[in-house]
Structure formats: C-alpha cells, structure tokens
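A.B. asks: Turn this into a structure:
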Amino acid sequence: MDEMQEFRIVKIDTPAPYFSMPYYDPTSDDEGEIGLEDLKGKWSVLFYYPADFTFVCPTELKDMAEVKSDFDKLKVEVLACSTDSIFSHRAWVKWERLMEGFPYKMLSDHNLDVADAYNVLDESTWIAWRGTFIIDPEGVVRGIEITSGPLWRNSSELVRKIQALQYMRENPTQACPAKWAPGAPTITPSIKIAGEVYEELNK
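C.D. replies: Reported below is the predicted structural model:
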C-alpha cells in the first residue's frame, strides 16, 4: 500500500480507498480482520450504517439478510460496517431480534479513517452516514449511494444495480437503460441512435 492509496478519497470508477478493519462474524461468533486486498477477484459491497442499537439500521440489515441468496448467486461479498466496536456488534446481534441470523461480517471502523476516506463521516456526531459502495473484482468503485440519516435503502434495488454492472462488465459495448432487469433490452451507444432511443429499445 502506497501513501497515495492510503489517503485516496472515494470517487466513482476509480480504485477504492484502501481499508483494513476488524470484524465480528455472527455466523461463527468469532472475530477477524479483512481488507480491500482480501476482496480482489470478487464483487463486494461495503455497506455503512450509522450505529448499532439504533432504529432504522436493524430494518436495513434485516432487508440485506433477506436477499443473501441473490448476493450469493452473483458471488458478491457483503460487508456491513459502522463506527461501533466489534463488541458492540456482537451484543447488538444477541439482543436485537431483527438481527437474528444476520449472515454478513460486521466491520468496525472505530478509528473513523475509512468512513472519512469513503466520505460518509459525519463530523458533528463522529458516526457514519448510510453509504453503499459497490466494488468490482479489480477493486474499482462502480456504485456509490449515500442517503440521509432516517432514509433506509432497498436491498432489491442494490441487487438489480449489481446485476446491471455485471452485465455491462461482460458486455462492454452495452448500456443499461432505466429500470433495466436481466433479460430486458439494452442500448448500444452510438451517434446513430441519438434522438431515436425509443426506436432502439423497441426494434
């Protein structure tokens, strides 16, 4: 890891800022450490949420857990992350019924450096905003979503975005229009269809 990589700020279609963080794994009731280098060769999602023992957060994480089979089909590793300690993560999983069976590693950004690099650190509270980062197998950030504190995210839409990103990776001449889902028409960008996108989608 070079110094420039360490202090890079997140930006779409550029290499993801470096991270290495401790995690709590609810599936094994154990701890470990995982970093960007461990994710090379696979799609991954870094899913920041504000804090354990809060209100909207367990509904979001339950929603993410419910589509694990979809992430598995897409071979995506999901990493939940907040600025809480791994001890807090463990206690929350044990107490909050919505967190029962939570299947993903829960990272601890306790020193706040990664939240800062990924531009989700609220410096008035020193907790993270809701930030979702899709990282491709080369370690490049392909999706960024940051939402206001009380506004929860939709895991099914996240799955759809990853399906589209994977399709475009495999078909680099194609673009996915609004609401695209697997099997729907795509667009081949060209000056020849400028002003005639309707015809391109309905030919």
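A.B. asks: Figure out the helix or strand that the nearest residue to L74 once chain neighbours are set aside lives in.
C.D. replies: Once flanking residues are discounted, L74 sits nearest to I162: 5.5 Å by CB to CB, 6 or more residues apart in numbering. For glycine as for every other residue, the C-beta is placed from the backbone atoms N, C-alpha and C. Using DSSP states H and E, I162 sits within helix 155-170.
A.B. asks: got the buried residues for that helix?
C.D. replies: 155, 158-168 (16 or more other CB atoms under 10 Å).
A.B. asks: which other residues reach the helix or strand encompassing T59?
C.D. replies: Assigned by DSSP H and E, T59 belongs to helix 57-66. By CB atoms under 8 Å, 6 or more residues apart in numbering, the surrounding residues in contact with helix 57-66 are 47, 49-51, 78, 80, 82, 92, 96, 98-99, 101-104, 130, 152-155, 158.
A.B. asks: Give the bridge partners for the residue most central in space within the chain, please.
C.D. replies: Nearest residue to the geometric centre of the chain (CA atoms, centre = their mean): V45, 3.0 Å. Bridge pairing for V45 (DSSP bridges) gives the partners V78, I134.
A.B. asks: now swap in D122 and tell me
C.D. replies: Residues in beta-bridge contact with D122 (DSSP bridges): I127.
A.B. asks: from memory the residue nearest to the centre of the chain sits against V76, does it?
C.D. replies: Yes: here V45 reaches V76: they are 6.0 Å apart, a contact under CB atoms under 8 Å.
A.B. asks: and for the two, which residues touch both?
C.D. replies: Common contact partners of V45 and V76 (CB under 8 Å, 6+ apart): I162.
A.B. asks: Show the contacting residues for F71.
C.D. replies: Per CB under 8 Å, 6+ apart, neighbours of F71: 45, 77-78, 159, 162.
A.B. asks: Closest one of these to S124?
C.D. replies: V45 (26.4 Å; CB to CB).
A.B. asks: Distance-wise, check K11 relative to L158.
C.D. replies: 20 Å (CB to CB, to the nearest Å).
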